[in-house]
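**Q** Generate a structure from the sequence data that follows.
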Amino acid sequence: MDLKGKKVLVFGAGKSGIGAADLLGSAGAQPVIYDGNADLDKEAVLHKTNGKYTPEIWAGDFPERALDSLDLIVLSPGVPTDLPLVKSFYEKGLPVWSEVELAYRTGKGEVLAITGTNGKTTTTALLGKIMGDARESVFVVGNIGTAYTSKSLEMREDSVTVAEISSFQLETIDQFRPKVSAILNITEDHLNRHHTMEEYIRVKELITKNQGPEDVCVLNYEDEVLRKFGENIVPKVVYFSSLRKLDRGIYLDGDQIILKTEKEEIPIVKTEELKILGRHNHENVMAAAAMAYYAGVSVESIRKSVCEFVAVPHRIEYVTEKNGVAYYNDSKGTNPDAAIKGIQAMNRPTLLIGGGYDKESSYDEWIESFDGKVRYLVLIGQTKEKIKAAAERLGFTDIILCEDLKEAVRVCAEKANPGDAVLLSPACASWGQFDNYEQRGDMFKEYVKAL
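**A** Numbers count the residues shown, from 1 in each chain. The predicted structure follows:
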């Protein structure tokens, strides 16, 4: 679609919506920014745009009569596709794109795209480093913090885009086609949005929807859903495994990560050479290394980059040690499966801070993973009573309820013994008390440093 002169509704006035509107304005379209909040500060929204165009801004009830004037809808990731208004767009026959689709249509070069419930940000950052060390024009975008739409017009034919893609962004892709894709794992998450596990799985798997036989999809062999999925898809499948040797793929053999192709067995790196800890991070290294290899990067270059890579903020991030107690920020543990990885990485008695916004998750497996390591479970947020009930039902009773994160940090400092760890790994989203997991993690670090 030629966007020039087209009237495009951008649904959502947040960071993603502004990025999409700026891109549309730069491409010669006529963006309309819409938000259902009737109290939206239109001047503040206008101030956030890049100033190179003047969008219309609509707020509150949607003017139904305006449907006939629109050529395209771009949905921000936070807008559910089952809203009656969004359904009316489809019924009208209007194309409905995600911001990812818009960025892909206006960008150039190759795309390497990563999705999955957990590990996306670390794998994306690592692959971004590998590609950045090997190629001249590389963009690392998506859920990792830089809007894909904010960079697409800078891309060249020789560019490589490394994109972290969420299930929300995949719901409304159309032609989006990565040269190499990866689905790292699929565990229960976002059921308040997708409603069923089947739908969540279906949406995640859309990342391969337009891939051809010359493209590659990297999948986790130890995830039964993905192992089965890999049997019936068009792109070439490359599995990774941290638990067994594979006839073909990339796997952990003792302390060595090995890539096995049709022709040869290639040692990639020893785990002791890595600066990131835990089996889940070995899996992230395998996924990123396989993606880079099949994107044409040499093994020598991959090895050098992965050995230099350090952990991303908010993912089992060491903060400091005070009075013999180590503090770790795992604010990116926004669902139970991610938080399980956090507690598994601890090698000392732990006071665990959890709780937050309720995404309708089950917390049983998380609590069962404590494995005798957790001295106290300190709970905050909307889910604290729900998690407390689940823990007590499973026989874990060393629970403290707190009003907020600041109080939780103070309580942990009082209860901790020298040699203990205090871990913020909430198993819940941050919304309600914080804007996002980054703000939550930053506040945790501030509270710890102020002790």
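**Q** Contact partners for Val238?
**A** Residues near Val238 by CB atoms under 8 Å, 6 or more residues apart in numbering: 216-219, 248-250, 290, 294. Bear in mind the C-beta positions are built from the backbone N, C-alpha and C, glycine included.
**Q** and it, what are its bridge partners?
**A** Residues in a beta bridge with Val238, per DSSP bridges, are Val218.
**Q** Next one: it from Arg244, what distance?
**A** From Val238 across to Arg244, the span is 15 Å (CB to CB, to the nearest Å).
**Q** Please apply the same query to Glu272.
**A** With distances taken as CB to CB, Glu272 is found 21 Å from Arg244.
**Q** Which one of the two is surrounded by more residues?
**A** Between Glu272 and Arg244, Arg244 has the larger neighbour count (other CB atoms under 10 Å), namely 10 against 7.
**Q** name the element the more buried one belongs to?
**A** Using DSSP states H and E, Arg244 falls within no helix or strand.
**Q** Let me know whether it touches Tyr221 as I believe.
**A** Yes: with contacts counted by CB atoms under 8 Å, Arg244 reaches Tyr221, the gap being 7.5 Å.
**Q** Quickly list what's touching both of these two.
**A** Residues touching both Arg244 and Tyr221 comprise Tyr251, with contact defined as CB under 8 Å, 6+ apart.
**Q** Do you know the pLDDT at the nearest residue to Gln30 once chain neighbours are set aside?
**A** Spatially, and ignoring its direct neighbours in sequence, Gln30 is nearest to Lys7 (4.7 Å; CB to CB, 6 or more residues apart in numbering). Per-residue confidence (pLDDT) for Lys7: 97.
**Q** The stretch 251-400 of the chain: strands as residue ranges?
**A** Using DSSP state E, counting those that start in this stretch, the strands of the stretch 251-400 of the chain run over residues 256-260, 265-270, 317-322, 325-329, 350-354, 374-379, 399-401.
**Q** Next, format those as JSON lines and append mean pLDDT.
**A** Converted to JSON lines, the strands of the stretch 251-400 of the chain look like this (pLDDT from 0 to 100):
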{"stretch": "strand 256-260", "mean pLDDT": "98"}
{"stretch": "strand 265-270", "mean pLDDT": "97"}
{"stretch": "strand 317-322", "mean pLDDT": "88"}
{"stretch": "strand 325-329", "mean pLDDT": "94"}
{"stretch": "strand 350-354", "mean pLDDT": "98"}
{"stretch": "strand 374-379", "mean pLDDT": "98"}
{"stretch": "strand 399-401", "mean pLDDT": "98"}
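**Q** still on that earlier bit, hang on, isn't the residue nearest to Gln30 packed against Ile73?
**A** No: the criterion here is CB under 8 Å, and Lys7 misses it with Ile73 at 10.5 Å.
**Q** So which of these two has more stuff around it?
**A** Using other CB under 10 Å as the criterion, Lys7 and Ile73 rank with Ile73 on top: 23 against 15.
**Q** What residue spans form the domains of the protein?
**A** Structural domains annotated on the chain: 7-94, 106-308, 317-449, as defined by automatic domain parsing.
**Q** nearest to Val100, of these?
**A** Judged by CB to CB, the one of these that comes nearest to Val100 is domain 106-308, at 4.5 Å.
**Q** Compute the first-to-last residue distance for that closest one.
**A** Its first and final residues considered, domain 106-308 spans 33 Å by CA to CA, to the nearest Å.
**Q** likewise stretch 411-426?
**A** End-to-end distance of stretch 411-426 (CA to CA): 16 Å.
**Q** Please work out the average pLDDT along it.
**A** Per-residue pLDDT over stretch 411-426 has a mean of 97.
**Q** One more: stretch 156-175?
**A** When pLDDT is averaged over stretch 156-175, the result is 92.
**Q** So which bits of it are buried?
**A** If you call a residue buried by 16 or more other CB atoms under 10 Å, then stretch 156-175 has these buried ones: 159-174.
**Q** Among these, which one sits closest to Glu360?
**A** Among these, Ser167 lies closest to Glu360 (CB to CB), at 14.6 Å.
**Q** residues contacting Thr149?
**A** The neighbours of Thr149, taking CB under 8 Å, 6+ apart as the test, are 16, 19-20, 22-23, 99, 102-103, 106.
**Q** okay, it: pLDDT?
**A** Thr149 is assigned 92 on the pLDDT scale.
**Q** Provide the secondary structure category for it.
**A** Three-state call for Thr149 (DSSP: H, G, I helix; E, B strand; the rest coil): helix.
**Q** Against Tyr447, how distant is Ile353?
**A** In this view, Ile353 and Tyr447 are 10 Å apart by CB to CB.
**Q** which one of these two has more residues nearby?
**A** Using other CB under 10 Å as the criterion, Ile353 and Tyr447 rank with Ile353 on top: 26 against 21.
**Q** pLDDT below threshold where in the stretch 101-250 of the chain?
**A** 188-195 (pLDDT under 70).
**Q** at 90 instead, please
**A** Low-confidence segments of the stretch 101-250 of the chain (pLDDT under 90): 117-121, 142-147, 150, 166-172, 185-205, 225, 232.
**Q** which residue packs closest to Gly25, ignoring adjacent ones?
**A** What sits nearest to Gly25 in space, not counting adjacent residues and going by CB to CB, 6+ apart, is Tyr53, at 3.2 Å.
**Q** what sits against that neighbour?
**A** Contacts for Tyr53 (CB under 8 Å, 6+ apart) come out as 22, 25-26, 31.
**Q** Now do the shared contacts for Ile353 and Tyr447.
**A** 405, 409.
**Q** Pop out the phi and psi values for the residue of the chain most remote from its centre.
**A** Distance from the centre of the chain peaks at Arg65, with 36.9 Å (CA atoms, centre = their mean). When read as degrees, to the nearest 10, the backbone of Arg65 gives phi -60, psi -20.
**Q** What does the pLDDT read for it?
**A** For Arg65, the predicted pLDDT is 86.
**Q** show me where the stretch 301-450 of the chain has helices.
**A** With helices called from DSSP state H, counting those that start in this stretch, the stretch 301-450 of the chain shows them at 336-344, 364-368, 384-393, 405-415, 437-449.
**Q** so what does the shortest one touch, helix or strand wise?
**A** Helix 364-368 is packed against helix 336-344, helix 384-393, with contacts defined by 3 or more CB pairs under 8 Å, 6 or more residues apart in numbering; DSSP states H and E.
**Q** nearest to Gly372, of these?
**A** Short answer: helix 336-344, nearest of the helices and strands packed on helix 364-368 by CB to CB, at 10.7 Å.
**Q** And for that closest one, what's in contact with it?
**A** Counting by CB under 8 Å, 6+ apart, 117-118, 185, 187-189, 278-280, 316, 328, 330, 332-333, 350, 352, 354, 361-363, 365-366, 369-371, 373-374, 423, 425-427 sit against helix 336-344.
**Q** Just the buried residues of that helix, please?
**A** Residues 336-344 are the ones in helix 336-344 that count as buried (16+ other CB under 10 Å).
**Q** how far off helix 384-393 does that helix point, in degrees?
**A** Angle between the axes of helix 336-344 and helix 384-393 is 60 degrees (criterion: axes from the mean of the first three to the mean of the last three CA atoms, to 10 degrees).
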